[in-house]
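> show me the folded form of this:
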Amino acid sequence: MKKVKIFTDGSSLGNPGFGGWCAILSYGDRRKVLKGGEDLTTNNRMELTAPIEALKALKEPCEAEIVTDSSYVAKGINEWLEGWQKKNFAKVKNPDLWKAYIEASKKHKICAVWVRGHNGHKENEECDQIAKSEAEARRRRL
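I've put the predicted structure just below:
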């Protein structure tokens with residue numbers, strides 16, 4: 001099984017507001033940048049959309065390490081998701097995205113790693129810039 005690193009970040013200009021996300025997939029010397037956004041969204045939705053889209057882009061089952069500055073995403077994946085599923089996502093925010101994450105993650109072995117944001121982590125800083133640019137582009141468009 002291939003080992004892939006996925007660096008992610010999300011941004012929202014207002015909460016809710018214009019949002020953007022970015023994921024950088026890294027395998028050996030290969031790298032792919034994915035990005036996108038929504039016009040009316042929250043920061044947590046964008047933080048979670050990034051790993052979902054990254055996992056959907058993988059063409060075969062992989063061991064994926066998701067590196068994020070979102071404790072919501074990291075703890076959701078590593079600690080909370082199993083309990084949320086048992087409760088059928090009662091009182092959980094963004095259940096649609098968590099269900100999409102479950103679907104996208106089915107064929108992969110995943111662990112999430114939290115890193116401090118805005119702390120000089122190269123890929124996290126790059127994802128942050130791209131996610132903010134996506135949000136800004138959406139705001140300028142309207």
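> switch to C-alpha atoms for all contacts and neighbour counts from now on
Fine.
> quick check: longest helix of the protein.
helix 122-141 (DSSP state H).
> where does pLDDT dip in this protein?
For the chain, no stretch is flagged by pLDDT under 70.
> phi, psi for Cys111 please.
Note on Cys111: backbone dihedrals following degrees, to the nearest 10 are phi -140, psi 140.
> which residues does it bridge with?
Glu65 (DSSP bridges).
> could you do Lys5 as well?
Beta-bridge partners of Lys5, as defined by DSSP bridges: Ser26, Glu65.
> and for it, the neighbour number?
21 (other Cα atoms under 10 Å).
> right, and it touches Ile66 too?
Yes - with contact defined as Cα atoms under 8 Å, Lys5 reaches Ile66; the gap is 6.1 Å.
> give me the common contacts of these two.
In terms of Cα atoms under 8 Å, 6 or more residues apart in numbering, Lys5 and Ile66 are not both contacted by any residue.
> helices along this structure, start to end?
43-57, 71-75, 81-86, 95-105, 122-141.
> show residues contacting the longest helix of the chain.
7-13, 18-24, 35-39, 67-69, 117-118.
> just the buried ones among the residues you listed, please.
With burial judged by 16 or more other Cα atoms under 10 Å, the buried subset of the contacts of helix 122-141 is 7-13, 18-24, 35-39, 67-69.
> just the ones of the residues you listed in strands?
7-13, 18-24, 35-39, 67-68 (DSSP state E).
> next, count neighbours for Gly26.
Just to correct that, residue 26 is Ser rather than Gly. Residues lying near Ser26 (other Cα under 10 Å) number 17.
> gap between it and Gly76?
Between Ser26 and Gly76 the computed distance is 22 Å (Cα to Cα, to the nearest Å).
> start and end of stretch 64-80, how far apart?
So stretch 64-80: terminal residues 18 Å apart, Cα to Cα.
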